[in-house]
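J.: Just to be clear, the model below is a prediction. Sequence and coordinates:
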Amino acid sequence: MKNTDAKMGAVHAGFSYFLWGLLPIYWKLIEQVNAKEILANRIFWSFIFMVLVLVITNKWSLFIYTLKGFTENKKQMYALTIASLLISVNWFVYIWAVNSGHMIEASLGYYINPLISILLGMIVLKEKLTVVQLVSFILAAIGVVIITISHGVFPWIAITLALSFGLYGLAKKMINVESSVGLTLETMVLAPIAAIYMIYLFLNQSNFLFTAGWETDLLLIGAGAATAIPLLYFAKGAQKIPLSLLGFLQYISPTLTLILGVFVYDEHFSKIQLLSFMFIWAAVAIYSLSKTKWFTHRKVKLSNENRAAL
């Protein structure tokens with residue numbers, strides 16, 4: 001792989017996480033809208049946007065071909081449906097959390113998401129935990145326990161976000177399709193339900209779309225592009241850079257969200273939360289370091305030295 005390709009891959013992936021980190025600003029602009037209506041618009045307009053992307057990029061025939069394959073493969077169809085439901089749960093909880101003043105806990109969810117993925121890999125895929133992964137998981141668990149005991153309430157927002165996205169990634173492992181086609185398929189599964197809910201709101205005259213002003217209309221319709229564009233940049237970048245670098249870059253998003261919550265939207269960040277986050281950050285640092293070339297090289301070198309000593 002060319003060095004230029006790797007650099008562009010890092011730029012694309014980093015930009016996608018940067019956009020995800022700033023996405024709370026977008027949802028705050030329409031915080032007067034019910035989270036369920038925002039979600040319905042997000043799903044419906046994401047599907048419309050992705051259809052346009054496929055047509056413009058000449059991938060519509062690939063989409064039709066893939067869709068026919070899915071109808072003949074029940075296992076893939078079930079995985080697609082589950083993935084669609086999981087990402088919808090993730091989107092809804094995130095939108096609700098941001099617009100309900102729980103941005104800090106939402107960022108916590110995406111900090112611990114990689115560690116949840118490790119746990120799922122161990123339980124579902126029977127993967128063995130390395131010592132580093134075990135230490136990382138224990139540190140993260142301590143952080144979650146601290147925040148649970150201090151608040152007296154289980155941090156369900158963070159855990160739901162981390163678990164739903166982790167399970168989404170697990171379901172995606174069973175769906176091997178081109179990224180833009182995959183996103184179109186995922187939104188297509190729930191687009192009819194989203195459309196029905198939007199019609200229901202229209203009939204009950206409780207909708208914000210087309211009634212709350214052109215600014216709100218543009219933001220609700222634009223939710224499709226706001227959802228799809230970071231995912232497309234992520235897919236474009238992830239193909240060109242090592243997984244270890246991708247692991248570092250992914251923390252751009254929750255870090256920006258945390259900064260927004262504390263310094264822009266004045267959410268309370270207590271000393272107990274700081275202590276909890278310090279355990280999470282330590283877990284993240286250890287896990288990320290274990291994925292670097294330096295750590296891998298050092299591990300191999302020590303292993304060779306031990307064998308030589310024997």
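T.: Sure thing, it's come through. Residues are numbered from 1 along each chain as shown.

J.: low pLDDT regions in this structure?
T.: The model of the chain has pLDDT under 70 over residues 1-2, 151, 239, 243-245, 247, 291-310.

J.: Tell me which stretches of it form helices.
T.: 3-28, 35-56, 60-72, 74-99, 103-123, 131-151, 156-172, 179-203, 214-238, 243-249, 252-259, 271-290, 293-309 (DSSP state H).

J.: can you pull the buried residues of the third one?
T.: Within helix 60-72, the residues that qualify as buried are Phe63, Thr66, Phe70, counting by 16 or more other CB atoms under 10 Å. C-beta: built from backbone N, CA, C; applies to glycine.

J.: could you give the angle of that helix to helix 179-203?
T.: 80 degrees (axes from the mean of the first three to the mean of the last three CA atoms, to 10 degrees).

J.: residues making contact with stretch 46-57?
T.: 59-60, 62-63, 180-181, 183-184, 187-188, 191, 223-225, 227-228, 232 (CB atoms under 8 Å, 6 or more residues apart in numbering).

J.: for stretch 282-291, same thing?
T.: By CB under 8 Å, 6+ apart, stretch 282-291 touches 111-112, 114-115, 118, 130, 132-133, 135-140, 143, 243-244, 247-248, 251, 295.

J.: And for stretch 138-154?
T.: Taking CB under 8 Å, 6+ apart as the rule, stretch 138-154 contacts 108, 112, 115, 155, 158-159, 270, 272-273, 275-280, 282-284, 286.

J.: Show the buried residues in those.
T.: Neighbour counting with 16+ other CB under 10 Å marks 108, 112, 115, 155, 158-159, 273, 276-277, 279-280, 282-284, 286 as buried within those.

J.: I'd guessed Ile87 sits against Ser164; true?
T.: Yes: using CB atoms under 8 Å, Ile87 is in contact with Ser164, at 7.5 Å.

J.: Any idea which residue is closest to the centre of this structure?
T.: Phe165 (5.7 Å; CA atoms, centre = their mean).

J.: can you pull the contacts of it?
T.: The neighbours of Phe165, taking CB under 8 Å, 6+ apart as the test, are Leu86, Ile87, Asn90, Gly109, Tyr110, Asn113, Ile116.

J.: ditto for Trp96
T.: By CB under 8 Å, 6+ apart, the neighbours of Trp96 are Ala35.

J.: if I look at it, how far off is Val33?
T.: For Trp96, the distance to Val33 equals 11 Å [CB to CB, to the nearest Å].

J.: returning to that earlier point: just the buried subset of the contacts of stretch 282-291, please.
T.: Here, 16+ other CB under 10 Å leaves 111-112, 114-115, 118, 133, 135-137, 139-140, 143, 244, 247-248, 251 buried among the contacts of stretch 282-291.

J.: what's the most distant pair in these?
T.: Farthest pair in those (CB to CB) is Gly143 and Ser244. Separation: 22.8 Å.

J.: and the gap between Thr148 and Ala158?
T.: 10 Å.

J.: and which of the buried ones among the contacts of stretch 282-291 is nearest to Gly14?
T.: For those, the nearest to Gly14 is Phe248 (9.5 Å; CB to CB).

J.: If you drop the residues flanking it in sequence, what lies closest to the closest one?
T.: Excluding the flanking residues, the one nearest Phe248 by CB to CB, 6 or more residues apart in numbering is Ser288, at 5.5 Å.

J.: Count residues in the vicinity of the one you found, would you?
T.: Using other CB atoms under 10 Å, Ser288 has 18 neighbouring residues.

J.: Pull the contacting residues for Lys28.
T.: Lys28 touches Val98, Asn99, Tyr265, counting by CB under 8 Å, 6+ apart.

J.: let's go with 10 Å and repeat that
T.: Val98, Asn99, Met103, Leu260, Val264, Tyr265 (CB atoms under 10 Å, 6 or more residues apart in numbering).

J.: export these to TSV and tack on neighbour count and distance to Tyr197?
T.: Below are the contacts of Lys28 laid out as TSV (neighbours: other CB atoms under 10 Å; distance: CB to CB, whole Å):
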residue	neighbour count	distance to Tyr197
Val98	25	20
Asn99	20	18
Met103	25	26
Leu260	21	29
Val264	12	31
Tyr265	14	28
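
J.: Taking those, tell me the two that lie furthest apart.
T.: It's Asn99 and Val264 that sit farthest apart of the contacts of Lys28, by CB to CB, at 14.0 Å.
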